[in-house]
Structure formats: structure tokens, C-alpha cells
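**Student:** missing the sequence, but the structure's below:
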């Protein structure tokens, strides 16, 4: 089978499970580092002609990360496009199995069982801590409703103060973020690379937790270590 992945998380999942299966991946697919698949552009602007030229048996995509017009062109070219939806941890596990087992014809990988076990072993969250979770600055954007990262953080007792916002990634002025009643700001290093010197200074009254963006937003083999890593960072 020949597979093209338009989603970094799914690229890693396929590559770790069946090395050599991937013939194409996006420029943002950084894991595993030794991946040699042909690069076909970004998640939002893939070179659809290059994807078609690779003659894949399957293209894996995501409803949030990829644009429907691009996927429609791939379907019109006769390609089999599997589109995932991942907005919760439970969905992530379900969709990973669908991609790997139903889509790629592989056996369910051990790492997926290990990831489910690791997350199931988390203790119940204690006192809820209201938080804002920026994902970008200039302009400031935060996690809103119905996001995978928000679902993960809730398992550690982090209550997203914008979880009921009508938008999934609303743009909120920093002054409003600071006045939202949060006690904590969670700063991942992707998609915007927040660091100890770029981010916390904008929230002088809040505790700041710097977290690995891959652990917070990727659904794949990183889930085996993400529960422990996020717990430690938030502690």
C-alpha cells in the first residue's frame, strides 16, 4: 500500500507502525525525524498535483487541519481520502485505529494500547484551575470550545475559561485574557513557539506552565508519553 498523509500526527502514527508505507507527507510532518517520504507542501496548501502523481492507495486527512476544497480535488482525481475528526481523546483513539487498521490494513499497534493504558491510569483531577490557553500571539488566539487539547487539559483539572466560546480558536485581546478570571496560563511551544521569555510576561498576574505542544496537540505515538509529561509540566 502507498499512503500520503496530510496530517503530522497521522504521519507519525503510520510511519511508526509501518515504516515505508508513507510515500508522501507535508512539510510540517517532523516526526519521526528519519522520515524520507516526498514532501507535498503544507497542511493548508498541499500540492494536490504532486499528491496525485504519487499514486497513493490512501490519503489520510483531518477535517480541522486540511481544507475541503483540496480534499475534493483529490477525490475527483480518483483517490481514496480518509478524513478524520479528532476533538477529544476518545475520538483520537478511535480515529487512529480507523486509519491504521481499517484504512491501512495494519494490525492494531502496541503503542496504541500503551497510550490508552497511560491515559486511563491518570488519577481523577483535583481542584479545577481556571486557565487561558493561548496558541498564537500577534494577534492573541486561545483554545475555545470543542478542542482536543482542551479535552486533554481537563483531565489534569485545567478548566479552560473559554471552553464555552462560540469559536474553537477565538481571537481575544490580551487585556481581556488577563481579566477573564484565570489563575493559570498554559503556553505550548506550537503552533506558536512560546518560551520562558516569550509569553509569560504578557500575563504578570498568572502562574505560567510551559508545555510541549506535541504532547498537547498531537494524536499518535506521542500519546504514550504525553500523559506523564503534561502532568509533570502542569504540576
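**Tutor:** Right, received. Where do you want to start? Here the structure is a predicted model, which means the values were calculated and not measured.
**Student:** Give me the spatial nearest neighbour of residue 121, chain neighbours excluded.
**Tutor:** Take residue 121 and drop its neighbours on the chain: the residue closest to it by C-beta to C-beta, 6 or more residues apart in numbering is residue 227, 7.6 Å away. Any C-beta I mention is one placed from the backbone N, CA and C, and that applies to glycine too.
**Student:** Return the distance of the strand or helix carrying that neighbour from the chain's centre.
**Tutor:** Per DSSP states H and E, residue 227 falls inside helix 223-234. Here helix 223-234 is found 14 Å from its chain centre; the criterion is C-alpha atoms, centre = their mean, to the nearest Å.
**Student:** what helices or strands is it leaning on?
**Tutor:** With contacts taken as 3 or more C-beta pairs under 8 Å, 6 or more residues apart in numbering; DSSP states H and E, helix 223-234 sits against helix 110-120, helix 148-154, strand 207-211, helix 213-217.
**Student:** Any idea which of those gets closest to residue 99?
**Tutor:** The minimum distance between residue 99 and the helices and strands packed on helix 223-234 falls on helix 110-120, with 10.5 Å, by C-beta to C-beta.
**Student:** So which elements touch the closest one?
**Tutor:** Counting by 3+ C-beta pairs under 8 Å, 6+ apart, helix 110-120 packs on helix 89-97, helix 223-234.
**Student:** Just the buried residues of it, please?
**Tutor:** 111, 112, 115, 116, 119 (16 or more other C-beta atoms under 10 Å).
**Student:** Could you list which residues are in contact with the residue lying closest to the third one once chain neighbours are set aside?
**Tutor:** Spatially, and ignoring its direct neighbours in sequence, residue 115 is nearest to residue 223 (3.8 Å; C-beta to C-beta, 6+ apart). Contact analysis of residue 223 by C-beta atoms under 8 Å, 6 or more residues apart in numbering lists 92, 115, 118, 119.
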